[in-house]
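give me a model of this one.
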Amino acid sequence: MEPMVWILQMGRSGMAGRLVALSLLLVFVGHYGRCSAEKNHEVIQLREGRMYTKNESQHFCYKNTFLPKWNDIWTKMQIRVNSSSMIRVTLVDSEEKLKELEEFNVWTFMYSFVKEQLNDTYINVDLYSNETCIAIHLDDTEGIYSVLLFRKSDPYLFLVFLVGLLLFFYGDSLSRSQLFYYSTGMSVGMAASMLIFIFMLSKLMPKKNAFYVLLLSGWSFSLYVIQLFLRNLQEICKEYWQYLLGYMVLVGFISFAICYKYGPLENERSINILSWTLQLIGMLLMFLGIQVRHVAVTLMVIAFCTKHLEYPVHWIQTAYRTVKKATAKPSPPRLITEEEYRKQGEIETRRALEDLRGYCSSPEFSAWKAVSRIQSPKR
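Numbers count the residues shown, from 1 in each chain. Take a look at the predicted model:
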């Protein structure tokens, strides 16, 4: 890397220096491409539970030979790479992609500078992928690394599924909760402030050199910084916990003040949008928390039917009543008997007399006006 750094330093000075740096860069790139083309790595096929120890750059592939079963819903397959020195690991999905990595490519060349170097990493393997390959580049000639493919039950997958299930069933309640509103607002504020800071930092990078622009500016640099931060989060919490705590308190207070100013959601449509969003996130987490896809889809359908079962049942009952009423023949009217006629006459007469007594005793009734309208007052 020292010749590359020297070339970049020359590119900062004058037009002549830039021309010289560009020429040397082309020479260096050509040499890099020839070296990459000349060296073809043998692909080693990985087997589950077997450890491979190497002291040079190597390519590994795993070909999946079985389909996951229902008892593998929370099972994760991983490739662990542990090294005594810093290495770079590149993940691809086929041996053809590994051969493309050996061929020179401008983007591959630039990506090799941005790719983070590490000495211990875990690579997730999709249970449904036909083939998974990794390329390990070792800079230190005296370094030794080991590669192990294994399978284990991951409790974090169950936790993700459980969180998704709770979000799906309690999305309506959470969308109306003030505690959830403020806690979510503070969390989003912390994450958004970090993204905005990284994006602004990338925009402040010098734009004079095209190589720096492609390498350090834009969202690629932002994603690289985020990845670097997440990988070293544990070390940051141990070494710089006071700065991290101060940042969380400051940004959390500002986010809380903004949420308090605007207040919780009161519009029913906004609450419904938030509820639907939480339910969709819950469904996505349920799908991601289960490794077996058909089991995940089945559980999602069961959860959806369980939550919204009353609506289909109500729709079916309404449709059944409508069809029954439309297809039913009109029944002939039933004639009442003489005894029913007599009882009905007594009931209706008694009810009419009670209504008449109530009206006559009310202040709205005028006795003189009623008597004057009767033709036979004595009667």
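
low-confidence ranges in the stretch 51-200 of the chain?
For the stretch 51-200 of the chain, the stretches with pLDDT under 70 are 101-118, 195, 197-200.

and the helices in it?
With DSSP state H, counting those that start in this stretch, the ranges of helices along the stretch 51-200 of the chain come out as 95-102, 106-114, 155-169, 171-175, 178-203.

and the contacts of the third one?
The reference is to helix 155-169. Here helix 155-169 makes contact (CB atoms under 8 Å, 6 or more residues apart in numbering) with 73-74, 76, 174, 278-279, 281-291, 303, 307. Just so you know, the C-beta spots here come from the backbone N, C-alpha and C atoms, and that holds for glycine as well.

what are the buried residues along stretch 134-150?
By neighbour count on 16 or more other CB atoms under 10 Å, the buried set for stretch 134-150 is 134-138, 143, 145, 147-149.

just stretch 284-292 next, same as before
Buried-residue list, stretch 284-292, by 16+ other CB under 10 Å: 285-287, 289-292.

and the strands in the stretch 1-150 of the chain?
Remark: strands assigned in the stretch 1-150 of the chain by DSSP state E, counting those that start in this stretch are 43-45, 51-54, 58-63, 75-92, 118-125, 131-138, 145-153.

need the CA coordinates for the longest one. CSV is fine.
Meaning strand 75-92. The C-alpha coordinates for strand 75-92 follow below in CSV (Å, rounded to 0.1, in the frame of the first residue of the first chain):
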residue,chain,number,x,y,z
THR,A,75,-31.3,-22.7,13.1
LYS,A,76,-28.5,-20.6,11.6
MET,A,77,-25.6,-21.7,9.5
GLN,A,78,-22.4,-19.7,9.7
ILE,A,79,-18.8,-19.6,8.4
ARG,A,80,-16.3,-18.5,11.0
VAL,A,81,-13.0,-17.0,9.8
ASN,A,82,-10.4,-16.6,12.6
SER,A,83,-6.9,-15.2,11.8
SER,A,84,-3.8,-14.3,13.7
SER,A,85,-3.4,-11.2,11.4
MET,A,86,-5.6,-8.8,9.5
ILE,A,87,-7.5,-10.3,6.5
ARG,A,88,-10.2,-9.2,4.0
VAL,A,89,-13.1,-11.5,3.4
THR,A,90,-15.4,-11.1,0.3
LEU,A,91,-18.7,-13.0,0.1
VAL,A,92,-20.1,-14.1,-3.3
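
ok, and the closest non-adjacent residue to Gly143?
Distances taken as CB to CB, 6 or more residues apart in numbering place Ser85 nearest to Gly143, at 3.3 Å, with adjacent residues excluded.

isn't that neighbour up against Leu138?
Yes. In this structure, Ser85 is within contact of Leu138 by CB atoms under 8 Å, at 7.1 Å.

ok so, going back, narrow the contacts of helix 155-169 to those in helices?
Taking DSSP state H as the definition of helices, the contacts of helix 155-169 contribute 174, 278-279, 281-288, 303, 307.

make TSV out of the residues you listed and add distance to Ser376.
Compiled in TSV, the ones in helices among the contacts of helix 155-169 are given as follows (distance: CB to CB, whole Å):
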residue	distance to Ser376
Leu174	77
Leu278	79
Gln279	77
Ile281	84
Gly282	82
Met283	82
Leu284	87
Leu285	88
Met286	86
Phe287	89
Leu288	92
Ala303	80
Lys307	74
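
closest one of those residues to Pro264?
Leu174 (11.7 Å; CB to CB).

what about that closest one, distance to Phe180?
5 Å (CB to CB, to the nearest Å).

same check on Ser372?
In this view, Ser372 and Phe180 are 74 Å apart by CB to CB.

who has more neighbours out of those two?
Taking neighbours as other CB atoms under 10 Å, Ser372 and Phe180 compare with Phe180 leading, 16 against 9.

and that one, what does it touch?
Phe180 touches Leu174, counting by CB under 8 Å, 6+ apart.

what ranges do the helices span in the stretch 201-350 of the chain?
Under DSSP H, counting those that start in this stretch, the stretch 201-350 of the chain gives helices at 210-216, 219-231, 233-239, 241-262, 268-288, 293-307, 310-327, 338-360.

lowest average pLDDT across those helices?
Least confidently modelled of the helices of the stretch 201-350 of the chain is helix 210-216, at a mean of 47 by mean pLDDT.

who touches stretch 242-249?
By CB under 8 Å, 6+ apart, stretch 242-249 touches 190, 236-237.

before we move on, back to that, now render the helices of the stretch 201-350 of the chain as JSON lines, adding distance to Gly164.
Below are those laid out as JSON lines (distance: least, CB to CB, whole Å):
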{"stretch": "helix 210-216", "distance to Gly164": "37"}
{"stretch": "helix 219-231", "distance to Gly164": "21"}
{"stretch": "helix 233-239", "distance to Gly164": "23"}
{"stretch": "helix 241-262", "distance to Gly164": "25"}
{"stretch": "helix 268-288", "distance to Gly164": "3"}
{"stretch": "helix 293-307", "distance to Gly164": "9"}
{"stretch": "helix 310-327", "distance to Gly164": "22"}
{"stretch": "helix 338-360", "distance to Gly164": "62"}
